[in-house]
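# can't give you the sequence, but here's the structure:
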């Protein structure tokens, strides 16, 4: 990498820490000594405000993936139950995940608790007809009359955004909101932070939430954390993080899709940083929540424990962690989802 490029990154990083330090005083981050919140079902995980939605959400979110995981299994159902009993009240998925099974299992297990939880789903649809149909399918699968958050799923490029808007995707979502089928609208994007920034700069009046990658590795190259998160927070967009462990990349998991498919990746956790450091770094960012796609009950329990034990990492610790991963993060196989179709 050229020296000028490195200097530019360091200036950007310095600016980011200055911004992040100021944002930490906002309601996104729970105050020290915050009392444990409970509802009629028991203790609830630490909560934060979800931007302009005004919703209180638990920091830990159970994600509806990995996309091909069989949620319609005993283990899958136990994961959902374990998350709720552990204090999670925020569940996100997509119509395309597990061929709709994650939505159906969420609906089946969480129906008794509907008034206490936040449900989020998203559609890959490219036209109004598809999105409208998928919203109705999601409502049926969840067994509910409304979805709290509904997102445009995975904006890939400026051309992709244009295709969706020309196809009436946003109009269909606005119509569903007017009809009371969904309550808050947003989008997800994990390929190119410039595309996410473009969506934010559209200043759509009903755009309230965004799901994007936030993790320690992300801070090094084409960073959503450095380049997009400050913009989103300045607009009071509720940000919840996806890929807090880089889609398994930090654990050395084999790549099953995207860039480098079929390759094995170097292991960041626990060889360079600990799992606790990785998760607490994510929660130290000015986000509302982080979505973890789990594949076992033990993973759910572990992630809940790190949400419960969270203490804000100071700027010195954040910088030290970034320095530790900088060399290995140059390998873009750790972020196979960036720039991938």
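Okay, I see it. Model, not experiment: these values are computed from the prediction.
# Can you tell me the SS state at the closest residue to residue 235 other than its chain neighbours?
Residue nearest to residue 235 in three dimensions, not counting chain neighbours: residue 200, with 6.1 Å by C-beta to C-beta, 6 or more residues apart in numbering. Using the backbone N, CA and C atoms, a C-beta is placed for each residue, glycine as well. Recorded secondary structure, residue 200: helix (DSSP: H, G, I helix; E, B strand; the rest coil).
# Around residue 200, count how many other residues there are.
By other C-beta atoms under 10 Å, 18 other residues sit near residue 200.
# do residue 117 as well
For residue 117, the count of nearby residues is 20 (other C-beta under 10 Å).
# Quick check on it: phi, psi?
phi -120, psi 160 (degrees, to the nearest 10).
# Ok, the one 4 residues further on next?
Main-chain torsions, residue 121, degrees, to the nearest 10: phi -140, psi 180.
# Quick one: neighbours of it, just the number.
29.
# Quick check: it vs residue 140, distance?
12 Å (C-beta to C-beta, to the nearest Å).
# Kindly report the same for residue 158.
Counting by C-beta to C-beta, the gap from residue 158 to residue 140 is 34 Å.
# What segments of the stretch 101-250 of the chain are strands?
Along the stretch 101-250 of the chain, counting by DSSP state E, counting those that start in this stretch, strands occupy 118-123, 147-152, 182-188, 207-213, 238-242.
# who does the second one pair up with?
Partner strands and pairing direction for strand 147-152 (DSSP bridges) are strand 118-123 (parallel), strand 182-188 (parallel).
# just those strands: most buried one?
Comparing the strands paired with strand 147-152 by mean neighbour count (mean count of other C-beta atoms under 10 Å), strand 118-123 comes out on top with a mean of 26.
# Run the chain-centre distance for stretch 189-200.
Taking the mean of its C-alpha atoms, stretch 189-200 sits 14 Å from the chain's own mean (C-alpha atoms, centre = their mean, to the nearest Å).
# Could you list the residues in contact with it?
Residues from elsewhere that reach stretch 189-200 (C-beta atoms under 8 Å, 6 or more residues apart in numbering): 154-158, 160-161, 187, 207, 210-213, 222-224, 227-228, 231-232, 235, 237, 242-243, 337-340.
# buried set for it?
The neighbour-count criterion (16 or more other C-beta atoms under 10 Å) identifies 189-193, 195-200 as the buried residues of stretch 189-200.
# now do stretch 236-249
237-249.
# so where's the chain shaky on pLDDT?
The chain contains residues with pLDDT under 70 at 1-36, 66-68, 332, 340-341.
# 90 instead?
Across the chain, the ranges flagged by pLDDT under 90 are 1-37, 65-76, 96, 98-100, 248-249, 252-266, 330-334, 336, 339-341.
# Show me the helices in it, by range?
3-23, 74-85, 101-110, 128-142, 158-166, 169-178, 193-201, 224-227, 229-234, 275-284, 297-308, 315-325 (DSSP state H).
# what is the orientation angle of the fourth one with strand 147-152?
Looking back up the chat, that one is helix 128-142. Here the directions of helix 128-142 and strand 147-152 differ by 140 degrees (axes from the mean of the first three to the mean of the last three C-alpha atoms, to 10 degrees).
# For residue 141, list the residues it contacts.
100, 103-104, 106-107.
# Tell me the one of the residues you listed nearest residue 286?
Closest to residue 286 out of these is residue 106 (27.7 Å), distances taken as C-beta to C-beta.
# which one is the closest one nearest to, not counting chain neighbours?
Nearest to residue 106 is residue 91, by C-beta to C-beta, 6+ apart, at 5.5 Å.
# quick one: that neighbour and residue 62 touch, right?
Yes - the pair residue 91 / residue 62 is scored as a contact, 5.2 Å apart, by C-beta atoms under 8 Å.
# Quickly list what's touching both of those two.
Residues touching both residue 91 and residue 62 (C-beta under 8 Å, 6+ apart) are 80, 83.
# Using CSV, lay out the helices of the chain together with distance to residue 331.
Compiled in CSV, the helices of the chain are given as follows (distance: least, C-beta to C-beta, whole Å):
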stretch, distance to residue 331
helix 3-23, 16
helix 74-85, 31
helix 101-110, 31
helix 128-142, 36
helix 158-166, 26
helix 169-178, 35
helix 193-201, 19
helix 224-227, 18
helix 229-234, 23
helix 275-284, 17
helix 297-308, 24
helix 315-325, 11
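# Between those helices, which one is closest to residue 253.
Closest to residue 253 of the helices of the chain is helix 297-308 (C-beta to C-beta; 12.5 Å).
# Quick check: which of the helices of the chain is nearest to residue 268?
helix 315-325 (6.2 Å).
# Cheers, nothing more for now.
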